[in-house]
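*Asks:* just a sequence and a predicted model for now, questions to come.
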Amino acid sequence: MVEGHVTISNLEKVYESGDERTKAIDDLSLEVPSGEFLSVVGPSGCGKSTLLYLVAGFLEESTGTIAVDEQPIEGPGTDRGVVFQDYALFPWRTVMGNVTYGLEQDGVPKEQRRATAQEFIDMMDLDGFEDKYPKELSGGMKQRVALARTLAYDPKILLMDEPFGALDQPLRELLQDHLLEIWRDVEKTVMFITHDVEEAVYLSERVMIMTRHPGTKKTTIEIDVDRTQDREDIIMSDAYTETKNQVWQSLREETQPEAQL
Amino acid sequence: MDVSNKLAVDRSDAINVGKSIYSLVIVLVLWEIVTQLGMVHYYFLPPLSDIIVRFYEMTLDGTLVHHGYLTVRRALVGLVIACVFGILVGVLSARNRVASWFWDPIIEVGYPVPVIALVPVFLFWFGTGDLAKIILVAIGCFWPVAINVRNATRDVDENLIWSARMMGTSDRQLLRKVIVPASAPGIISGIQIALPISLIITFVFEMVAGGGGLGHIEIQGVRSFDSVQVYATLIAIMILGFILDRALRLIRFRILSWT
């Protein structure tokens, strides 16, 4: 059974305001097989967040199609879960209230949804904070709540928009490893937007590099790293370093176009 | 940790009130001295002690209680009506294109109009009774409520709406589950702004049209050259305004404990 397979074909997104037409995404086609961890890197303003929000169904494509398991998407759906950079937690709900929201919408009975939510709260090391409001939490904790909230209603596809971008280095590394652990357990397809080449190569099985504005797929690079190793060993490995340089080089051509002339 | 924090806040609040009260005390003492020495004509400014005695008498014989009740009832009934319509119109014009097309210009024009100017018109239309006063209060309070509610509901973070949508929230549920709670601080701010407006309109209308109420007995004091009654009434309205404002703040604190 194939689940969470994303097919993007000839996608184009044009923003129109008055007479002005801005092309954000230009003829992009991409397959994300079920269960793959794909990162998307690109120069800033290349439309990588736009791409993510199109897949999420928040924005509407101008031409082309996006399909999940061969079904064209129609707006947002519970088969896809987004993790936002600014967390987007409901500030009037406690940690528990945030994590149970999706289950509540799904009609899961109260006892059961609390039990399920507790599972993910524990998984994120948030036990003891169930009754806190988001304003009482640090950025790293908020992002863990956001991750728990999205995982709790069990979407097939995780769409992550620079989720760790606002966190400091040690915290970011901690959450990266956490995410990898979870990804191995839950078998979800992940599309991970980042501007950080090291993060992309460390986390994912494949990286898509986007061209500068208007963004489209430049190339994708497979990452062949033995992930059974510890972080130190991965970082020190030749495979990691080589791929990282390759991705960096490719991205560099987009951010420094004059260097090619 | 939280409890001790709350205590600390409470204590510093008490200190702040204590500090700010010194200046008030100085002014009141100066008032008493200046008037007792006969430096100001009794009619302009009677001694504070006389006013307090009169305030006490008028409270005991029920005058202030009765008229205070009339004033507060008019103000609050008008305010509640304004909140119902203001919240309705504010939410609608933020979320619905037709409602926005219709209401936005009306709100922009209506908001800065000094509603007091309508008192004479209302005397024509509705006479001098409670109805005229309540309707005018409702109209005057409608604008700040509507405009604050509209802005708050319009500015709800799009990511919150998207979050709700991705978790299966339908368009119908969106209002109740996300938009109203997210804009609750703005809605309550609108009501807080409208509260003193409701008192002002009631008071002025009572002064002009009579029919009982604190405004009425204050102007009665002026007409019978009884300045002590004027000031005693003034104290009553100040106390009422202060209590109502504090009550609203308490409600805000209760509802918005998450902010």
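*Replies:* Yep, that arrived.

*Asks:* looking at this, residue A:77 is in a strand?
*Replies:* No. Under DSSP: H, G, I helix; E, B strand; the rest coil, residue A:77 sits outside any strand and is assigned coil.

*Asks:* who's in contact with the closest residue to it other than its chain neighbours?
*Replies:* By the measure of Cβ to Cβ, 6 or more residues apart in numbering or on different chains, the closest residue to residue A:77 outside its immediate chain neighbours is residue A:57, 6.2 Å from it. Bear in mind the C-beta positions are built from the backbone N, C-alpha and C, glycine included. Residue A:57 makes contact with A:73, A:74, A:75, A:76, A:77, A:80, B:165, B:166, according to Cβ atoms under 8 Å, 6 or more residues apart in numbering or on different chains.

*Asks:* for residue A:57, what are phi and psi?
*Replies:* Dihedral pair for residue A:57: phi 90, psi 10, per degrees, to the nearest 10.

*Asks:* how close does residue B:129 get to chain A?
*Replies:* Residue B:129 sits 42 Å away from chain A, taking Cβ to the nearest Cβ, to the nearest Å as the criterion.

*Asks:* measure that residue to residue B:198 for me?
*Replies:* 17 Å (Cβ to Cβ, to the nearest Å).

*Asks:* neighbour count: those two, which is higher?
*Replies:* Applying other Cβ atoms under 10 Å in any protein chain shown to residue B:129 and residue B:198 shows that residue B:198 carries more neighbours, namely 27 against 10.

*Asks:* how about the residues of the stretch 51-200 of chain B by chain A?
*Replies:* Residues of the stretch 51-200 of chain B lying close to chain A by Cβ under 8 Å from any Cβ of the partner chain are B:157, B:159-160, B:162-169, B:173, B:178, B:181-182, B:184.

*Asks:* between the residues you listed, which is nearest residue B:133?
*Replies:* The closest of these to residue B:133 turns out to be residue B:184 (Cβ to Cβ; 29.4 Å).

*Asks:* just the C-alphas of stretch B:245-257, formatted as CSV.
*Replies:* What follows is stretch B:245-257, C-alpha atoms only, in CSV (Å, rounded to 0.1, in the frame of the first residue of the first chain):
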residue,chain,number,x,y,z
ASP,B,245,-14.0,50.0,35.2
ARG,B,246,-12.4,47.7,37.9
ALA,B,247,-15.2,45.1,37.4
LEU,B,248,-14.5,45.0,33.7
ARG,B,249,-10.8,44.7,34.2
LEU,B,250,-11.4,41.8,36.6
ILE,B,251,-13.6,40.1,33.9
ARG,B,252,-10.9,40.7,31.4
PHE,B,253,-8.3,39.1,33.6
ARG,B,254,-10.5,36.1,34.2
ILE,B,255,-11.3,35.5,30.6
LEU,B,256,-7.9,36.3,29.2
SER,B,257,-5.7,34.5,31.7
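
*Asks:* please name the residues that touch residue B:162.
*Replies:* Contacts for residue B:162 were tallied using Cβ under 8 Å, 6+ apart; they are A:53, A:56, A:58, A:76, A:82, A:84, A:88.

*Asks:* quick revisit: just the pLDDT at the residue nearest to residue A:77, thanks.
*Replies:* As predicted, residue A:57 sits at a pLDDT of 92.

*Asks:* just to revisit the earlier point, scan the contacts of residue B:162 and report the most crowded one.
*Replies:* Each of the contacts of residue B:162 was scored for neighbours by other Cβ under 10 Å, and residue A:82 scores highest at 28 neighbours.

*Asks:* that residue touches residue A:49, doesn't it?
*Replies:* No. With contact defined as Cβ atoms under 8 Å, residue A:82 does not count as touching residue A:49 (10.6 Å).

*Asks:* re earlier: would a markdown table of the contacts of residue A:57 with pLDDT be doable?
*Replies:* Compiled in a markdown table, those are given as follows (pLDDT from 0 to 100):
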| residue | pLDDT |
| --- | --- |
| A:73 | 90 |
| A:74 | 89 |
| A:75 | 88 |
| A:76 | 92 |
| A:77 | 89 |
| A:80 | 93 |
| B:165 | 93 |
| B:166 | 93 |
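
*Asks:* now, of the residues you listed, which are buried?
*Replies:* A:73, A:76, A:77, A:80, B:165, B:166 (16 or more other Cβ atoms under 10 Å in any protein chain shown).

*Asks:* re the thing from before, from residue B:181, how far off is the residue nearest to residue A:77?
*Replies:* 23 Å.

*Asks:* got the residues of the stretch 151-261 of chain A near chain B?
*Replies:* Residues of the stretch 151-261 of chain A that fall close to chain B, judged by Cβ under 8 Å from any Cβ: A:153, A:155.

*Asks:* which parts of the stretch 151-261 of chain A are helices?
*Replies:* Applying DSSP state H, counting those that start in this stretch to the stretch 151-261 of chain A gives helices spanning A:169-186, A:197-203, A:231-236, A:238-255.

*Asks:* in helices only, show me the residues of the stretch 51-200 of chain B next to chain A.
*Replies:* If you go by DSSP state H, these have B:159, B:160, B:162, B:163, B:164, B:165, B:166, B:173, B:181, B:182, B:184 in helices.

*Asks:* quick one: the helices in the stretch 1-150 of chain B?
*Replies:* In the stretch 1-150 of chain B, the helices defined using DSSP H, counting those that start in this stretch lie at B:2-36, B:48-60, B:63-95, B:97-110, B:119-126, B:130-154.

*Asks:* please produce JSON lines containing those helices, extended by mean neighbour count and mean pLDDT.
*Replies:* What follows is the helices of the stretch 1-150 of chain B, written out as JSON lines (neighbours: other Cβ atoms under 10 Å in any protein chain shown; pLDDT from 0 to 100):
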{"stretch": "helix B:2-36", "mean neighbour count": "10", "mean pLDDT": "70"}
{"stretch": "helix B:48-60", "mean neighbour count": "16", "mean pLDDT": "94"}
{"stretch": "helix B:63-95", "mean neighbour count": "20", "mean pLDDT": "95"}
{"stretch": "helix B:97-110", "mean neighbour count": "13", "mean pLDDT": "90"}
{"stretch": "helix B:119-126", "mean neighbour count": "14", "mean pLDDT": "91"}
{"stretch": "helix B:130-154", "mean neighbour count": "23", "mean pLDDT": "94"}
